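[1] Could you look at this predicted model? Sequence included:
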Amino acid sequence: MDLKESPSEGSLQPSSIQVFANTSTLHGIRHIFVYGPLTVRRVLWAVAFVGSLGLLLVESSERVTYYFSYQHVTKVDEVVAQSLVFPAVTLCNLNGFRFSRLTTNDLYHAGELLALLDVNLQIPDPHLADPAVLEALRQKANFRHYKPKQFSMLEFLHRVGHDLKDMMLYCKFKGQECGHQDFTTVRESTGSVEGQEGSWPELLEPVGEACLLGRSTAVWADVEGEQGALPRGIATPDVLSCPPPSWREEA
């Protein structure tokens, strides 16, 4: 006679999920899948477990979405200084010489230096020049029957260099208007660049503005040259620059 397990005896064996729940370290699951009939305690544990799992999934999805949105925060610290010396302001024209002021004698002595003539006093690459400028250059560079005169580089720089009186359209500092008479002419040792440096004795007092990265927030100037103009109210690093530390100490 074969011995077989009766259905009543098989129902007493725990299911695989009950075995897993009782051996798992996951908190609360062993109180849900227990041996025996369904009770209120098991229902409460099931509700708490499902609610906690749902809250975890919601928070996790929200954090993942926030991460992939690449949020960023820009922090700016502003320090107000109560006492600063007004920085030097240098106005330099990239074109160091005015073509309209050049004479035949200037071209004879300094034409090669200005890259307007070659070593043979001839116009290099005339096909690249503007027709109007080329015609004026040809007239000034006509050395036929020309007798050169004495040439002074210092006089040449003063005469041909740019004049701030013609360049400056508007200047204002701390509510006071300023003009070309408030500037002094300075040049590099090579004499190839001319600029204007601010020298307001009555304005050299502690102010609240600062000069940062070559840009001054205290001065707004209009500068106009032969080859173009800067827009009004725009201060660029090429136009406004801070002085070296030695200048600040001497001032």
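    Thanks, I have it. Since this is a predicted model, take the numbers as computed values, not measurements.
[2] From now on I want contacts and neighbour counts done on CA atoms only, so please keep to that.
    Will do.
[3] which residues sit against stretch 22-42?
    Contact with stretch 22-42 is made by 14, 17-18, 21, 43, 45-46, 49, as judged by CA atoms under 8 Å, 6 or more residues apart in numbering.
[4] Which of these fall within helices?
    17-18, 21, 43, 45-46, 49 (DSSP state H).
[5] Compile those into TSV and extend it with columns for pLDDT and distance to residue 130.
    Rendered in TSV, the data for these read as follows (pLDDT from 0 to 100; distance: CA to CA, whole Å):
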residue	pLDDT	distance to residue 130
17	77	92
18	77	95
21	75	91
43	88	93
45	89	91
46	88	89
49	88	85
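[6] returning to that earlier point: from the contacts of stretch 22-42, list the buried ones, please.
    When burial is judged by neighbour count using 16 or more other CA atoms under 10 Å, the buried members of the contacts of stretch 22-42 are 18, 21, 45-46, 49.
[7] Any chance of these in a markdown table with distance to residue 94 as columns?
    Converted to a markdown table, the buried ones among the contacts of stretch 22-42 look like this (distance: CA to CA, whole Å):
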| residue | distance to residue 94 |
| --- | --- |
| 18 | 87 |
| 21 | 83 |
| 45 | 82 |
| 46 | 81 |
| 49 | 76 |
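[8] all helices of this protein, in order?
    Taking DSSP H to define them, one finds helices in the chain at 7-10, 16-23, 40-68, 104-110, 131-140, 153-160, 164-167, 245-250.
[9] closest one to residue 117 among those?
    Comparing those by their distance to residue 117 (CA to CA), the top pick is helix 104-110, with 7.6 Å.
[10] got the buried residues for that closest one?
    104-110.
[11] and of the residues you listed, the nearest to residue 124?
    Taking CA to CA as the measure, residue 107 is the one of those closest to residue 124, at 13.4 Å.
[12] pretty sure that closest one is touching residue 142, no?
    No - with the criterion set as CA atoms under 8 Å, residue 107 and residue 142 do not qualify as a contacting pair; they are 9.6 Å apart.
[13] Poorly predicted segments of this protein, please.
    The chain contains residues with pLDDT under 70 at 1-14, 83-87, 91, 174, 185-251.
[14] tell me the domain boundaries of it?
    7-68, 81-96+162-251, 97-161 (automatic domain parsing).
[15] hmm, back to that, could you identify the most distant pair in the buried ones among the contacts of stretch 22-42?
    Greatest spacing in the buried ones among the contacts of stretch 22-42, by CA to CA: 18 and 49 (15.9 Å).
[16] Format the buried residues of helix 104-110 as CSV; extra columns: distance to residue 170.
    Converted to CSV, the buried residues of helix 104-110 look like this (distance: CA to CA, whole Å):
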residue, distance to residue 170
104, 34
105, 35
106, 32
107, 34
108, 37
109, 36
110, 34
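[17] which of those lies closest to residue 116?
    Among the buried residues of helix 104-110, and counting by CA to CA, the member closest to residue 116 is residue 107, at 7.8 Å.
[18] and that closest one, what does it touch?
    116-117, 140-141.
[19] Most neighbours among these, please name it.
    Within those, residue 141 tops the neighbour count with 22 neighbours, counted by other CA atoms under 10 Å.
[20] I'd like the distance between the closest residue to it other than its chain neighbours and residue 143.
    Excluding the flanking residues, the one nearest residue 141 by CA to CA, 6 or more residues apart in numbering is residue 104, at 5.9 Å. As for residue 104, its distance to residue 143 is 8 Å (criterion: CA to CA, to the nearest Å).
[21] Next: residue 88.
    Look at residue 88 and residue 143: by CA to CA, they are 44 Å apart.
[22] So between those two, which is more surrounded?
    Here residue 88 and residue 143 are set side by side on neighbour count (other CA under 10 Å), and the busier one is residue 88, at 20 against 16.
[23] between the buried residues of helix 104-110, which is nearest residue 81?
    Of all these, residue 110 has the smallest distance to residue 81: 48.9 Å, by CA to CA.
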